[in-house]
Each structure stands twice: as structure tokens, then as C-alpha cells.
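Chemist: Fold the following and give me the result.
(one chain, ligands or ions: 1)
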Amino acid sequence: MNDEARMTNEYSSPNDECLSGGFGAASGFVLRHLSLIRNSVIRPSLFLLLLFPLTLHGADNLGVLGSKPKWEVLEHYQETITHDEFTHLINDVYCTHGFAADLIKIDNDAAQILANRESHNVFTLRFAPDANSEAHTPRLWRPAKSLPSAKPGKPLLGLRVALDPGHLGGKWAKMEERWFQVGDTKPVTEGDLTLRVSRMLASRLRKLGATVLYVRNSTDPITPKRPGDFKKLARKILIRNGLPQPRMGGDVLDPNDPEKEQTIRWQSEMLFYRYSEIRRRALLVNTKLHPDLVLCLHFNAEGWGDPSKPTLIDNNHLHLLVNGSYLQEELDLDDERFEMIRRLLSRAYDEELPIADTVALSMAKATGLPPYQYPTTLTTTKVGSSGYVYARNLLATRLYRCPVVYCEPYVMNSKDGFARIQAGDYDGLKEINGVARKSIFREYADSVAEGLAEYYRNREAYNAPTAARISSIVTSRDKFAEPIFDVTTNRISPRSNFLSNLSASKIFCRGKFGGSFVGNSNFCKRSTIALRCFSGRPALFIETSHAATIPKLTASPCEIPW
Ligand SMILES: [Zn+2]
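Modeler: Below you'll find the model as predicted:
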């Protein structure tokens with residue numbers, strides 16, 4: 001479950017995705033702030049949380065436990081991006097819900113980004129005049145194309161991948177509200193399930209040649225803080241949000257107390273296990289581990305009600321998340337706006353989206369799960385071509401400074417998911433609810449490993465000048481050339497390598513295709529594809545690098561009208 005969500009970004013609890021409560025139980029002080037909240041249907045108990053970022057730091061204008069942004073760092077990104085690419089990433093990925101006009105102003109040559117709400121300081125980002133004159137993008141992670149050559153059987157050779165098993169599990173599982181139990185069966189605790197999958201996945205990835213790093217490899221928190229360290233802050237937050245005398249909440253919280261969120265205990269626990277813990281994990285990732293990719297591993301859930309009498313449901317599904325789709329309230333915070341721009345400029349999206357798409361299709365094939373459909377489009381935006389990937393602004397996907405793919409397979413309290421979790425790990429197949437299945441843990445680990453292998457197997461590439469030179473030779477001389485990785489050609493054969501104008505224009509209209517066109521940005525690529533569609537020429541080369549990793553395209557070829 002992606003409870004690392006920013007509070008304003010559809011804050012998740014076990015019940016989060018089916019926000020079923022009305023406003024009935026909300027107390028008056030909360031209702032006064034209703035106009036600040038965009039989500040029209042949300043559990044009343046979430047109101048306090050939704051309000052923190054707006055009031056917690058006052059003049060500092062920072063998110064919970066956020067630190068002051070260092071805008072001067074972004075000087076290193078001057079002229080690394082063109083106007084078109086920047087605009088595309090802002091409109092189609094990061095600010096899909098719009099943004100206030102005073103936050104970001106985009107001119108032809110530069111963007112003006114508000115750096116500090118209080119002082120009205122502005123950061124000016126100068127654009128590269130065109131894709132060929134883009135300055136080098138500084139970053140510590142390496143895209144697939146910059147890794148050393150893979151060897152047969154070792155598609156992940158050279159890759160540094162960090163595994164981030166979601167939550168803590170163990171003795172913390174109840175506090176995290178990641179615990180439920182059906183009768184006398186083994187309790188289901190997400191943090192333990194994700195750790196188990198991570199360990200299995202680690203051995204598979206090592207076999208494929210990767211260097212595997214753990215963000216967490218036990219049920220101990222990474223943060224040295226504990227709930228007790230946040231009591232003062234929790235009290236302050238509750239007072240600022242209109243509770244003049246917040247109650248402590250007893251030694252043990254009643255999970256069914258409808259007003260538990262208004263207690264100091266509940267707030268300080270959440271500051272510990274979510275905000276402090278994930279920010280500390282980010283510090284570890286960014287300053288010690290330096291991975292090329294982080295995989296956040298979770299299991300999903302839908303509202304289970306009373307954890308000791310949980311509801312089991314029929315729904316079971318899969319989705320993956322990458323960073324993006326910021327809410328306007330999130331963009332208002334100085335630190336989040338900075339983190340969004342830094343992430344955009346690092347171009348992590350160019351790498352994490354095709355990885356997420358490839359892994360999603362591998363997981364979909366193995367699990368047979370349908371894509372999850374969010375009940376509202378207020379916080380997420382569907383991206384990519386697989387149908388399984390969403391952009392969403394979670395703490396982990398925003399703060400880890402490298403490509404991050406966040407996996408949310410299996411609904412733990414679905415009848416199928418629950419039965420498979422209870423069956424534990426085993427060799428081979430076992431019949432569960434009438435179907436022969438692999439162990440849920442092995443299926444998860446195997447399919448993620450296969451997806452990554454598939455993506456990184458195709459890493460061989462020419463550098464841009466070489467690819468451009470080969471492209472010009474091929475385009476001028478050879479209409480029937482064999483597909484060459486990362487090289488653009490005029491080839492019109494074989495037919496199975498092309499989509500029809502109709503299919504291509506559909507893909508273009510969705511605006512999500514990320515192929516590879518030498519020397520041009522994604523934005524230009526898509527315009528080129530469109531141009532070809534509209535001029536009635538063969539539309540889409542699928543032998544381009546990213547397309548080659550999108551089975552959906554190869555599965556529906558041969559619709560060429562000419
Ligand atoms: Zn989770």
C-alpha cells in the first residue's frame with residue numbers, strides 16, 4: 001500500500017483507495033478548512049493530515065519534516081533541457097493538475113520558478129536552444145545506455161539496484177496499520193511480506209549480474225527517531241489545526257477509535273514510521289547507496305475495516321507508480337516544488353517510465369492481474385503504454401534521487417491474495433481456490449526480475465553522434481535495413497515492424513509513447529511520429545530502443561494500410 005503518499009496526495013490507510021466515509025463525523029474545526037481540500041469524498045479522520053502541510057511550518061512553507069531547499073544546486077542544470085522538453089514534462093508528467101501562474105512561468109528561452117513564497121525570490125532556468133546543444137545533465141545514477149556492456153546470461157551486469165521493501169513489519173506492523181488477521185490464521189503484515197519478496201528478488205537479480213543494495217533488510221526502522229521524539233511536534237500540529245487541548249490517546253491505540261487521528265499518540269507514531277522513516281531512507285539512498293534504480297516493493301490492500309475481523313473481497317489488481325502528478329497544494333510548498341523541478345531536470349522519468357512499463361507487463365503476464373483503476377483522477381495520472389503505470393507524488397518516489405519504480409501488486413485482503421499469502425512459500429505449483437499457482441512470493445520476485453532483465457538486455461546503444469551518423473547513412477541509402485538499436489531509418493520493411501497510421505496516431509494522441517529518435521527529445525519524437533501519421537506515411541518505427549521493450553506494440557503489428 002502506498003501510504004508514503006503525501007498527506008495531501010490521497011493519503012492512504014488500509015482503506016484509502018475506497019474513500020468511503022462521508023463528512024458526518026467530522027468535527028467543526030475541521031470543517032472550517034474544507035475549502036482547502038480538493039478531494040470531495042474523503043474519510044473525516046484524514047482531515048487533520050490533509051491540513052498539516054498548509055499550516056505546520058508557517059512562514060517556512062515546507063512539507064512535514066521537510067528541509068529548506070537549496071535552489072543554487074539547480075544552477076548545474078542550466079541549459080540541459082530545451083523549452084519543448086521542459087514544457088512536455090511539466091504538462092504531461094509533473095503538473096498534470098495544473099499550477100498557479102505565479103509558481104512557474106515558461107518563456108521561450110527560460111522558465112521562472114518561484115523559489116520562496118515569503119521573499120518572492122525566483123529561480124531562472126535557462127533552456128538549451130535545441131536538443132543538440134543541451135549541456136550534460138549532472139547525476140549520480142546511470143541510465144541503461146551508460147552501463148558497461150551486458151554479457152550473455154547477465155543482462156543486469158553493472159547495474160546497482162536498491163531494494164526498498166515497503167513499511168517495517170514485525171512489532172511495528174500494528175502501529176503502521178499494516179496488520180490484519182482472519183480468525184486464527186497467521187496475521188498478514190505488509191512489511192514482512194515485502195521483506196520476504198525483497199530477499200528472494202535480491203538473489204535473482206544477483207544471478208542476473210546486478211549489484212543489489214538494501215534500503216531495509218530487517219524489521220528495524222532506519223530512522224534513529226521513535227514516536228516519543230515527535231510528541232511535541234504532534235501536539236503542535238494538532239493545536240495549530242484547531243484542537244486546543246489534544247488528548248494523548250492512551251498507551252495502546254484502539255484501531256477502531258474513529259477519532260484516533262486526533263490523538264498525540266497516533267500523530268507522533270505516524271511522524272515516526274512514515275515521515276521520519278522515509279526521509280531517513282532517502283538520505284541513505286542519496287548519500288550512501290547511490291543506486292542506478294530503486295525498486296519500492298509493496299502489496300496493495302483495499303479497506304479491510306476492523307483489523308481483527310477484516311473484510312475479504314473479490315477485487316485483485318496490479319499497478320506501478322512513478323513520480324509525477326503533483327497537486328497544486330503540493331506545488332505550493334517551497335520544498336516540494338524544488339524537489340519536483342530537481343527530479344524533472346535529472347530526467348529520471350525518461351528511464352523510470354520504460355522500466356516501469358516493462359516490469360508491469362512482465363508482472364501482468366505472470367500474475368494475470370488486471371490494471372488497477374483509481375476511483376478518482378485527482379491525484380494520479382496514467383502514463384506509459386502498458387496501462388498499468390501511474391504517475392503519483394509519493395514521498396519515496398519524489399525523494400530518492402534516481403529512477404524509482406514503485407510496485408503495487410496483489411490486494412492482500414482479496415480472497416485470492418489472502419489465500420496465497422496464507423499458503424506461504426513453496427516449490428512448484430499448488431492449487432489455490434481451484435487454480436494451480438506458484439507461491440505468491442516467487443511469482444512476485446520472478447516477474448520483477450524478468451521485467452528488469454528484459455529492459456536492461458536491450459541496453460546496447462550508440463552514443464548520439466555515432467547513432468546520428470549511422471542514421472544518416474541508413475536513411476539515405478537503405479530502405480530495407482535490418483533494425484539497428486537506437487538508429488533512425490527510412491526503412492519500410494518488414495511490415496511487421498510498423499504500426500498503422502491509425503494505431504500510431506492513437507498512441508500519439510495519448511501522448512505517452514517514448515520511442516527513441518536520434519538527436520531529438522521525446523517531444524520532437526512524438527511530433528515527428530505525428531507528422532508521419534498525418535502525411536500518410538508509414539507511421540512508427542518499432543525498432544527504436546524503448547519501443548523494442550514494449551510488447552504491446554509488437555503484439556499488434558501488421559495494420560499497414562498501404
Ligand atoms: Zn505499502
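
Chemist: So which bits of the stretch 251-400 of the chain are right by the ion?
Modeler: Counting by Cβ under 5 Å from the ion, the residues of the stretch 251-400 of the chain close to the ion are H298. For every residue, glycine as well, the C-beta is placed using N, CA and C.

Chemist: For the residue in the stretch 251-400 of the chain that the ion sits nearest to, which non-adjacent residue is closest in space?
Modeler: Nearest residue of the stretch 251-400 of the chain to the ion: H298, at 3.5 Å (Cβ to the ion). Once flanking residues are discounted, H298 sits nearest to G166: 4.0 Å by Cβ to Cβ, 6 or more residues apart in numbering.

Chemist: how about that neighbour, what does it touch?
Modeler: By Cβ atoms under 8 Å, 6 or more residues apart in numbering, the contact list for G166 reads 1-2, 4, 190-191, 194, 296-299.

Chemist: ok, back up a step: quick one: the residue of the stretch 251-400 of the chain closest to the ion from Q262, how far?
Modeler: Separation of H298 from Q262 (Cβ to Cβ, to the nearest Å): 27 Å.

Chemist: partner residues bridging the spatially most central residue of the chain?
Modeler: Centroid-nearest residue in the chain, with Cα atoms, centre = their mean: V322, separated by 2.2 Å. Per DSSP bridges, residues listed as beta-bridge partners of V322: A391.

Chemist: mind checking pLDDT for it?
Modeler: You'll see V322 listed with a pLDDT of 98.

Chemist: Relative to D334, how far out is the residue in the stretch 51-200 of the chain that the ion sits nearest to?
Modeler: Closest to the ion within the stretch 51-200 of the chain is G166: 3.9 Å, counting by Cβ to the ion. Distance, G166 to D334, using Cβ to Cβ: 28 Å.

Chemist: quick one, phi psi at the residue of the stretch 451-562 of the chain found nearest the ion?
Modeler: With Cβ to the ion as the measure, G451 is the residue of the stretch 451-562 of the chain nearest to the ion, at 19.3 Å. Per-residue torsions, G451: phi -60, psi -40 (degrees, to the nearest 10).

Chemist: Need the pLDDT of it.
Modeler: At G451, pLDDT is 95.

Chemist: I figured it was touching P354, is that so?
Modeler: No - judged on Cβ atoms under 8 Å, G451 makes no contact with P354 at a distance of 10.8 Å.

Chemist: starting at the chain centroid, how far to the helix ranked longest in the chain?
Modeler: Ranked by residue count under DSSP state H, the longest helix found in the chain is helix 348-367. Centre-to-centre, helix 348-367 and its host chain are 11 Å apart (Cα atoms, centre = their mean, to the nearest Å).

Chemist: So which other helices or strands are in contact with that helix?
Modeler: Here helix 348-367 touches strand 293-297, strand 318-322, strand 389-391, strand 404-409, helix 440-457, going by 3 or more Cβ pairs under 8 Å, 6 or more residues apart in numbering; DSSP states H and E.

Chemist: CSV for the ones you listed, including distance to S67?
Modeler: Formatted as CSV, those follow (distance: least, Cβ to Cβ, whole Å):
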stretch, distance to S67
strand 293-297, 20
strand 318-322, 24
strand 389-391, 24
strand 404-409, 19
helix 440-457, 32
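
Chemist: which residues touch the residue nearest to H290 when sequence neighbours are not counted?
Modeler: Closest residue to H290 apart from its sequence neighbours, by Cβ to Cβ, 6+ apart: L140 at 5.2 Å. Counting by Cβ under 8 Å, 6+ apart, L140 makes contact with 290, 401-402.

Chemist: Show me this protein divided up by domain.
Modeler: Here the domain parsing of the chain from automatic domain parsing is 3-66+227-266, 155-226+285-457, 464-549.

Chemist: Least confident of those domains, on average?
Modeler: In terms of average pLDDT, domain 464-549 trails the rest of the domains of the chain, at a mean of 49.

Chemist: of the contacts of L140, closest to I440?
Modeler: C402 (28.1 Å; Cβ to Cβ).

Chemist: just checking, the closest one touches L295?
Modeler: No - taking contacts as Cβ under 8 Å, C402 lies outside contact range of L295: 11.0 Å.

Chemist: Quick one: neighbours of the closest residue to L243 other than its chain neighbours, just the number.
Modeler: In this structure, L243 finds its nearest non-sequential neighbour in Q262, 6.0 Å apart by Cβ to Cβ, 6+ apart. As a burial measure, Q262 scores 22 neighbours (other Cβ atoms under 10 Å).

Chemist: what does the one 5 residues further on give?
Modeler: A count of neighbours around Q267, defined by other Cβ under 10 Å, yields 27.

Chemist: which residues sit in contact with it?
Modeler: Shown in contact with Q267 (Cβ under 8 Å, 6+ apart): 48, 230, 234, 237-238, 261.

Chemist: interface residues of the stretch 451-562 of the chain facing the ion?
Modeler: Near the ion, when you scan the stretch 451-562 of the chain using Cβ under 5 Å from the ion, you find nothing.

Chemist: Hmm, I typed the wrong one, I wanted the stretch 101-250 of the chain.
Modeler: G166.

Chemist: Please verify my assumption that L295 contacts A449.
Modeler: No - counting by Cβ under 8 Å, A449 is not a contact partner of L295; they are 10.1 Å apart.

Chemist: which residues are common contacts for these two?
Modeler: In contact with both L295 and A449: L201, using Cβ under 8 Å, 6+ apart.

Chemist: circling back to that earlier point, verify the contact between the residue nearest to L243 and P246 for me.
Modeler: Yes - look at Q262 against P246 with Cβ under 8 Å: they come within range, at 6.5 Å.

Chemist: show me what contacts the residue nearest to A110 when sequence neighbours are not counted?
Modeler: Using Cβ to Cβ, 6+ apart and skipping residues adjacent in sequence, the residue nearest A110 is R126, 4.8 Å away. Applying Cβ under 8 Å, 6+ apart, we find R126 in contact with 78-79, 109-110.

Chemist: Swap in 10 Å and give it another go.
Modeler: 75, 77-81, 109-111, 135 (Cβ atoms under 10 Å, 6 or more residues apart in numbering).

Chemist: Mind checking which of those are in strands?
Modeler: Using DSSP state E, the subset of the contacts of R126 located in strands is 110-111.

Chemist: which of the contacts of R126 has the most neighbours?
Modeler: That'd be I81 among the contacts of R126, by other Cβ under 10 Å, with 25 neighbours.

Chemist: Find me the pLDDT at that one, would you?
Modeler: So I81 comes in at 96 (pLDDT).

Chemist: mind listing what it touches?
Modeler: Going by Cβ under 10 Å, 6+ apart, I81 touches 87-89, 111, 125-128, 131, 134-135, 137, 344-345, 347, 521.

Chemist: do the same with Y273
Modeler: Contacts of Y273 (Cβ under 10 Å, 6+ apart): 3, 167-168, 172, 175-178, 191, 221, 223, 225-227.

Chemist: Buried subset of those residues as a ChimeraX selection?
Modeler: Only the buried entries of those go into this ChimeraX selection, using 16 or more other Cβ atoms under 10 Å:
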select :3,167,168,172,175,176,177,178,191,221,223,225,227
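
Chemist: Before I go, just wanted to say thanks for your time.
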